[in-house]
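Colleague: below are the sequence and a predicted model; questions follow.
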Amino acid sequence: FVVCVIPMGFIYWKVQAFYRQSSREIKRLESVAKSPIFAEFSQTITGVSTIRAFGKQEKFSQTCFRLNDGFSRSYYANNSANRWLGIRLEFIGNVAVGCSALFAVVNAGDPSTAGLVGLSISYALEVTGVLNWLIRTFTQLESYMVAVERIDEYSRMETEAPTILEDNRPPASWPQAGTLTFSDVWMRYREELDPALRGVSFSTKPGEKIGIVGRTGAGKSSLAVCLFRMTEVFKGEVLLDGLNCKTIGLHDLRSRMSIIPQDPVLFSGTVRRNLDPFDERSDFELWEALEKVHLKDFVKGQDDGLDYPIQEGGTNLSVGQRQLMSMGRALLRKAKVIVMDEATASVDMQTDEAIQETMRTEFSNTTVLTIAHRLATVMACDRVMVMGEGKVLEMGPPKELMEDQGSVFHQMTSDSHAAEEFLG
C-alpha cells in the first residue's frame, strides 16, 4: 500500500489544483449573481402597489426570472464542479483500496500475513477517506474565501469624512443666524461623471425663505447634497454663518440642520421614538410639536397616544401624515437651517397648505431652502432661485421675476403647461 501512497498523493494534488482554479471563480459568480435577486425582491415588495397600479407585473416577473436564471446557471455549474471532484476523489480512493487488495492476493501464500493484509486494507479505506475530506475542506475553504474578499473590498471603499474633529469643533450655539453662502461651488457624484453643480454662488439672509425651481436634473437636490456633505465639493466652499462646512466633522454639521425629504423616513417603533429618536425632549414638547404640525388630534385619538406603533417606513400612515411627522421631528430639532426637498410633491393641496402654514408660523426665524414642485409653494418665499444645467440662472423676489418678461421664471408662470413641464 505504501507503494501507492506517493503517486496517489501526487494525483490528489493535481486534481485539487485543477478544481480550485475553476471552483473559486464559479463561487464568485454565484455570490455576485445572488445579491441582485434579494435587491430586486426587496424593491418589488416595497413598490408592489405602484407596480400593480401601472400594470407592470409581467415586466417585474420577467426581471425576476432573468435574475434567477443567471443565479441558477452559476449554482448549477458550482454543483457540477463539486460532483466532478467527488467522482475523481472516489475513483482514486477505490484504486488505492483495489491496489491494497491486489497486493493481499499476491501475498496470500503466507498465512502469517493475514492480519497485516486486513490492516492494510483497513488503513487504505481510512486514509482515502481522510484524503477526500482534506481535499474537499481545503477547496471549500478557498471557495468560501470569496465572501471574505467581498468584505475586504467593502472595507477598502472610500469612507465619509470623520464625524467629529476634536481640534476643530464649532461653538455650541452655532449657527446663530442661519446665513448660508455658496461660493463658486462645483460638485460631481463620481470622478468619471460631469459636474452636477457648475460654479453655483448665492447667499441668504438670516431667516430667509428661498424657493428653488428647475427642471429634473437641474441641480436642485444637489444643493442639499452639498450642504449636508453627502458628496464633497471639488471646488468652491459652502459657508454657514461664516464657517466653512468642510472644516468640521459631519456629526457637528448635520446635527445643526434638518431636512424634510420628498420620501419621509420613518422607523419601526412608536410616535415618540420617531419624533425624538434620542429621547431628548419631554412629552409636553412632543405634544406641542404634534399640535403645530396638525397631528395632535390623530395621535390623541389612538389608544396608545405617543406610544402608537409606527410600522417600518410608516406604512400605516398616509403620505401626508408621514410628511407632517418629519416636519414635527425637524421642529423639535430647532435647527436654524431647514431643507425641504420637494416635501409637498406627493401630498394633497390640503396637506400642502398645512405644511406651508407651519413653515410661516413656526420657522419664521429659520432659513429654509424649499426645493419646489408647485409654483404656489415658491410664491410664498422671500426669493426664488431658478436653476438649470447645474447653474443659478436667476434669483430674486418671485413677484419681480414674474413681472420681468425676459426672465425664465416669467416663462414658467406664463404658461401652465410649460410650468408643469419645468417643475415636473
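Modeller: Alright, I've got the coordinates. Residues are numbered from 1 along each chain as shown.

Colleague: where in this structure is pLDDT low?
Modeller: 1-5, 107-114, 343-348, 351, 373-374, 376, 415-424 (pLDDT under 70).

Colleague: outline the domain layout of it.
Modeller: 2-155, 166-266+317-423 (automatic domain parsing).

Colleague: what's the most buried one of these?
Modeller: domain 166-266+317-423 (a mean of 18; mean count of other C-beta atoms under 10 Å). (Glycine included, C-beta is placed from N, CA and C.)

Colleague: how distant is that one from the center of its chain?
Modeller: In terms of C-alpha atoms, centre = their mean, to the nearest Å, the centre of domain 166-266+317-423 is found 22 Å from the chain centre.

Colleague: now distance to residue 274 too, for the domains of the chain, in CSV please.
Modeller: Converted to CSV, the domains of the chain look like this (distance: least, C-beta to C-beta, whole Å):
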stretch, distance to residue 274
domain 2-155, 19
domain 166-266+317-423, 5
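
Colleague: tell me which of these sits nearest to residue 282.
Modeller: Across those, residue 282 has its closest neighbour in domain 166-266+317-423 (10.5 Å, C-beta to C-beta).

Colleague: so which of the domains of the chain is nearest residue 301?
Modeller: domain 166-266+317-423 (12.3 Å).

Colleague: about what we covered before: of the domains of the chain, which approaches residue 296 most closely?
Modeller: It's domain 166-266+317-423; of the domains of the chain, that one is closest to residue 296 (C-beta to C-beta) at 9.7 Å.

Colleague: what about residue 191, which SS state?
Modeller: coil (DSSP: H, G, I helix; E, B strand; the rest coil).

Colleague: which one of the domains of the chain lies nearest to residue 300?
Modeller: domain 166-266+317-423 (13.7 Å).

Colleague: quick one: contacts for residue 93?
Modeller: 128-129, 131-132 (C-beta atoms under 8 Å, 6 or more residues apart in numbering).

Colleague: residue 18 versus that one, what's the distance?
Modeller: In this view, residue 93 and residue 18 are 17 Å apart by C-beta to C-beta, to the nearest Å.

Colleague: got it, and residue 182?
Modeller: 61 Å.

Colleague: repeat for residue 246
Modeller: 54 Å.

Colleague: so which helix or strand takes in the nearest residue to residue 57 once chain neighbours are set aside?
Modeller: Of all residues not flanking residue 57 in the chain, residue 51 sits nearest, at 6.1 Å (C-beta to C-beta, 6 or more residues apart in numbering). Using DSSP states H and E, residue 51 maps to helix 48-53.

Colleague: what sits up against that helix?
Modeller: Applying C-beta under 8 Å, 6+ apart, the external contacts of helix 48-53 come out as 44, 57, 60.

Colleague: show me where the stretch 301-424 of the chain has its strands.
Modeller: Taking DSSP state E, counting those that start in this stretch, the strands of the stretch 301-424 of the chain run over residues 309-310, 337-341, 367-371, 383-388, 391-396.

Colleague: wait, what's in contact with residue 360?
Modeller: With C-beta under 8 Å, 6+ apart, residue 360 has these contacts: residue 380.

Colleague: doesn't residue 21 make contact with residue 81?
Modeller: No - contact between residue 81 and residue 21 fails when scored by C-beta atoms under 8 Å: they sit 10.4 Å apart.
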